[in-house]
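Novice: fold the following, please.
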Amino acid sequence: MSGIKIIGRGKYLPKQEITSADLSKKFNVTEEYICKVCGIKSRWYGSAEDTLENMAYKASLDAIKNGNINCNDIDLIIVATTSSNKVMPGISYLVQSLLNIKDCMCLDILAGCNGFVNAFDIAYNYIEIGKINTALVIGVEKLSSVVDSNDMSTAILFGDGAGATIITKSNKPKKYYSKFKSQGQDSECLTYEVGKKLTMDGTKVYKYAVAEVPKIINETLCMADLKIEDMQNIVLHQSNTRIMNSIAKKLKIANDRLFSDIESVGNTFCASIPIALTEIDLQEGQHLLMCGYGGGLNTGCIVLEV
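Specialist: Coordinates of the predicted model:
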């Protein structure tokens, strides 16, 4: 196990803020009610110029600047998204073009809210087997274009944005463990088809997340021979505070042990974890736990030494 290191992190949020106060008027409920239900005060909606590729590009530029690297050092661009209405070319190829990278591998993956964690693990494995040295891993969503604005259960949750993380081969061994599970029998709980609107059975998604996320976290920690107390940073998919607090309770940790920016960003599906990574202080030698969960249904967990 050679290990990897995170060398760059970046994000992009659109300019239009949609507050829970705005939505309370639309749905004839109080702002306090919305905040109590999901813990979100603000989410951000993209303009016509905020296409998936443009948001991913801007987040990537931020990560490249943060990592102080040359674009052409990137061997792989992998994009996780669920809100694209383009089948071909993939968003990763459009990002490659915008970054003017001459030769690199490009790949899009479709794995619901767990997409970024899947993408990160794929990039790690390409580095581990020696296929590449450096990967740009992006989560990007424009959920405002696929959510039914008249459906309060989804309209209060979802927003737009992009997060990008650059990883490269470490010059010394570092711990890295991952585990993934899927439950396709319940795939209809959370769906999106091009040309239609996103649908969600919130109760079933909640039950799945609260049952499966603590389980896969504990299994991954067991593989790593570590405990939850050994994690300096715990970053879950920013779904809603009700789910996240219930997961914390099952893990027997305080709610504030889980990083949360959901109040000010909202649920951005694949973009939520890479956006969150820009907000935390990662120190060498610390342990980071990332766990995604959502459409599929599926969940994935990574424990790594920073």
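Novice: okay, the longest helix along the chain in CSV with CA atoms only?
Specialist: Counting by DSSP state H, the longest helix found in the chain is helix 202-224. Taking C-alpha atoms only, helix 202-224 is exported to CSV below (Å, rounded to 0.1, in the frame of the first residue of the first chain):
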residue,chain,number,x,y,z
GLY,A,202,-37.6,10.6,1.8
THR,A,203,-38.8,8.1,4.4
LYS,A,204,-37.1,5.1,2.7
VAL,A,205,-33.9,7.0,2.0
TYR,A,206,-33.8,8.1,5.6
LYS,A,207,-34.2,4.5,6.9
TYR,A,208,-31.6,3.2,4.5
ALA,A,209,-29.0,5.9,5.4
VAL,A,210,-29.5,5.5,9.2
ALA,A,211,-29.3,1.7,9.0
GLU,A,212,-26.5,1.3,6.5
VAL,A,213,-24.1,4.3,7.0
PRO,A,214,-23.1,3.5,10.6
LYS,A,215,-22.7,-0.1,9.6
ILE,A,216,-20.3,0.6,6.7
ILE,A,217,-18.4,3.2,8.7
ASN,A,218,-17.7,0.7,11.4
GLU,A,219,-16.8,-2.1,8.9
THR,A,220,-14.3,0.2,7.2
LEU,A,221,-12.8,1.3,10.5
CYS,A,222,-12.5,-2.3,11.5
MET,A,223,-10.6,-3.0,8.2
ALA,A,224,-8.2,-0.1,9.0
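Novice: could you say what helices and strands that helix packs with?
Specialist: Using 3 or more CB pairs under 8 Å, 6 or more residues apart in numbering; DSSP states H and E as the contact definition, the elements that helix 202-224 packs against are strand 176-182, helix 241-251, strand 287-294, strand 298-305. Any C-beta I mention is one placed from the backbone N, CA and C, and that applies to glycine too.
Novice: make it 10 Å
Specialist: Contact analysis of helix 202-224 by 3 or more CB pairs under 10 Å, 6 or more residues apart in numbering; DSSP states H and E lists helix 152-155, strand 176-182, strand 190-191, strand 233-236, helix 241-251, strand 287-294, strand 298-305 as its packing neighbours.
Novice: residues of that helix that come out buried?
Specialist: Neighbour-count burial for helix 202-224, counted by 16 or more other CB atoms under 10 Å, picks out 202, 205-206, 208-210, 212-214, 216-217, 220-221, 224.
Novice: returning to what we had before: so can I have CSV of the helices and strands packed on helix 202-224 showing distance to residue 8?
Specialist: Conversion of these to CSV gives the following (distance: least, CB to CB, whole Å):
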stretch, distance to residue 8
helix 152-155, 32
strand 176-182, 18
strand 190-191, 31
strand 233-236, 16
helix 241-251, 26
strand 287-294, 15
strand 298-305, 16
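Novice: can you redo these as CSV with mean pLDDT, distance to residue 32 and mean neighbour count?
Specialist: Shown next, in CSV, are the helices and strands packed on helix 202-224 (pLDDT from 0 to 100; distance: least, CB to CB, whole Å; neighbours: other CB atoms under 10 Å):
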stretch, mean pLDDT, distance to residue 32, mean neighbour count
helix 152-155, 94, 15, 18
strand 176-182, 97, 36, 18
strand 190-191, 93, 27, 19
strand 233-236, 98, 24, 23
helix 241-251, 97, 14, 19
strand 287-294, 97, 27, 24
strand 298-305, 97, 31, 24
